[in-house]
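1. Predicted coordinates and the sequence they were generated for:
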Amino acid sequence: MFDDPSREIDEMTGIIKQDIQGLNMAIADLQRVSSKKPDENKQSQDHSHTVVNSLRTRLKDATQEFKGVLTMRTENLKGPGAGGRQLLQQQLAPQESSYQSSRAEALHNVEATIVELGSIFTQLAEMVAAQGEMTARIDENVEEALGNVDSAKAQLMKYLNNISGNRWLMMKVFMVLMLFLVVFIVFIA
C-alpha cells in the first residue's frame, strides 16, 4: 500500500505535458510556415495542409488518451468511499499522514494537468475549425479549376476542328500550285 510511485508518476506526467505543449506549438509554427509560402504550387500547399491536419489529429488523439489515463488515475487516487476512508484513517493515522499528503498532492497535480489538457484541447479545436474553413475554400477553388479545365477543353476542341477544316483548304491550294508548276514546266520549258 505504501509502494505508491507518485513522485515518478508526477515527473512523467509533467514531462508528457511539456511534450504535448511543445508539439502543439510546433504544429502551430508548421501551419504558419506552410501558410506563408504563396509561391508554392497548389498541390504542394494541399500536401502541406494535409500533413498539418494529420499531425494535429494524431496529437489530439494522443492527448485524449493521456487525459483518459490521468482521469482514471485521479479516480484511483480518490480511493475507497467515505466510510471506508474514515475507518482506514483511524487504523493507520500515524503511519499514513505523510502518505495521505503525498496522495493529495499527486491528486492535485493530476487535476491541474487535466485542466491544462482541457485548454490544449480548446486550442486544437480552434485550429481545426480554422482548417475547416480553409478546406471549404480549397474545395471551392477545385470546383472553379474544374470548370476552367472543361472550358479550356471545349475551346481546344473548337480550335482543332477549325484547323482540320483549314488543312483540306491548304491541300487544295497546294494541288493547284503543283498543277500550275507541272503545266509551266511541260509547256514553257
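-> Sure, I can see it.
2. how distant is the top helix by length along the chain from the center of its chain?
-> The residue-count maximum for a helix in the chain (DSSP state H) belongs to helix 82-188. Helix 82-188 sits 9 Å away from the centroid of its parent chain (CA atoms, centre = their mean, to the nearest Å).
3. elements contacting it?
-> In terms of contacts (3 or more CB pairs under 8 Å, 6 or more residues apart in numbering; DSSP states H and E), helix 82-188 is packed against helix 6-35, helix 42-78. From N, CA and C alone the C-beta is placed, and that goes for glycine too.
4. okay, those helices in JSON lines with mean pLDDT and distance to Gln123 next?
-> Formatted as JSON lines, those follow (pLDDT from 0 to 100; distance: least, CB to CB, whole Å):
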{"stretch": "helix 6-35", "mean pLDDT": "81", "distance to Gln123": "7"}
{"stretch": "helix 42-78", "mean pLDDT": "80", "distance to Gln123": "10"}
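5. Could you dump those helices into a markdown table with mean neighbour count and distance to Leu146 added?
-> Compiled in a markdown table, these are given as follows (neighbours: other CB atoms under 10 Å; distance: least, CB to CB, whole Å):
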| stretch | mean neighbour count | distance to Leu146 |
| --- | --- | --- |
| helix 6-35 | 14 | 24 |
| helix 42-78 | 14 | 13 |
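6. now the ones you listed in CSV, with distance to Ser119?
-> Output for those, formatted as CSV (distance: least, CB to CB, whole Å):
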stretch, distance to Ser119
helix 6-35, 10
helix 42-78, 11
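7. Please report how far the spatially most central residue of the chain lies from Val128.
-> Closest residue to the average C-alpha location of the chain: Asn53 at 0.4 Å, with CA atoms, centre = their mean. As judged by CB to CB, to the nearest Å, Asn53 and Val128 stand 8 Å apart.
8. Isn't Glu116 up against Lys17?
-> Yes: using CB atoms under 8 Å, Glu116 is in contact with Lys17, at 6.3 Å.
9. count of neighbours near Lys153?
-> 10 (other CB atoms under 10 Å).
10. And the pLDDT at it?
-> Looking at Lys153, its pLDDT stands at 93.
11. measure the closest residue to the residue nearest to the centre of the chain other than its chain neighbours to Val149 for me?
-> Closest residue in space to Asn53, ignoring its immediate chain neighbours: Gln131 at 5.7 Å, by CB to CB, 6 or more residues apart in numbering. To Val149, Gln131 is 26 Å away according to CB to CB.
12. With Lys36 instead?
-> Lys36 is 28 Å from Val149, by CB to CB.
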